[in-house]
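Visitor: quick check, what structure comes out for this input:
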Amino acid sequence: MNKQKISNTAHKKQAVILLHGWGRTDKSMLIISYQLKKAGYLVVNINYPSNEKNIAELAQIAVGQGIEQSNALGADIIHFVTHSLGGILVRQYFKEREMEKLGRVIMLGAPNNGSEVIDMYRKLTFFRRFSGPAGLELGTTEQDVPKQLGSVRFELGVIAGSRSINPFLSLLLPGEDDGKVSVESTKVDGMQDFITLPTTHPTMLMSPSVIKQVLHFLDHGNFDT
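Guide: So this is what the prediction gives:
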């Protein structure tokens, strides 16, 4: 997959696939969906069973459905805006695939190097019972999925949050964090641009500053800094 900046998009139909995070639903992406539609994008907001299957299976389901629906809408370019686990699904799907229509990808709070929160919680029986296979694969060890996906080969912008509403979980995370994922863990080799914003893991989905940067990256391929 050639990592080249997309261009000449003015007269092309552009779709944006939205992928929510672990334990969430498509409803968590409704504010971003509304703003993208206002900006003229075709929006495909995917709901997938994040607690029921492993990451490889979820990538096939969620990303596959998103591409299929975008093609049905006649999209010439297909972008992705993802939250948390959703970003890992995109990396998993395109690890060994190419797609000519692939545009830009934006990851919000993605645990691209795993989360220390998972390292601790998956030792607990109650967590293992409700987390599902994917949740257990999001740790920071070399055996966990995030560390096995390698560098990205598409045009990627990463947004990290630097505020937490959960001080207990933040104690488990090194440096600045959003309450679930450290700022450093969101970074990945090959990303096009990166920005940290004062928002938490759940509230970044409704943050005006986050949405402004999402729209700017989709339009320009970089953040407005």
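
Visitor: among the helices and strands of the protein, which has the poorest mean pLDDT?
Guide: helix 125-136 (a mean of 83; mean pLDDT, DSSP states H and E).

Visitor: what does the average pLDDT come to for the helix or strand following that helix?
Guide: Next along the chain after helix 125-136, taking DSSP states H and E as the criterion, comes helix 145-148. The pLDDT scores in helix 145-148 average 97.

Visitor: same thing with stretch 103-116?
Guide: On average, stretch 103-116 scores 97.

Visitor: I would like the residues contacting the least confident helix or strand of the chain, please.
Guide: Residues from elsewhere that reach helix 125-136, judged by CB atoms under 8 Å, 6 or more residues apart in numbering: 22-23, 50-55, 57-58, 85, 118, 121-122. C-betas here are computed from N, CA, C, even on glycine.

Visitor: and residue 160, which helix or strand is it part of?
Guide: Going by DSSP H and E, residue 160 is part of strand 155-161.

Visitor: put the alpha carbons of whatever helix or strand comes next after that strand into PDB.
Guide: Next in sequence after strand 155-161, counting helices and strands by DSSP H and E, comes helix 167-170. Taking Å, rounded to 0.1, in the frame of the first residue of the first chain, the C-alpha atoms of helix 167-170 are listed here in PDB:
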ATOM      1  CA  PRO A 167      -7.500   9.100  38.900                       C
ATOM      2  CA  PHE A 168      -7.300   5.500  40.000                       C
ATOM      3  CA  LEU A 169      -6.900   4.200  36.500                       C
ATOM      4  CA  SER A 170      -4.500   7.100  35.700                       C
END
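
Visitor: start at 50, not 1
Guide: New numbering, starting at 50: the last item is helix 216-219.

Visitor: out of the contacts of helix 174-185, which sit inside helices?
Guide: Using DSSP state H, the subset of the contacts of helix 174-185 located in helices is 104, 106, 107, 134, 167, 170.
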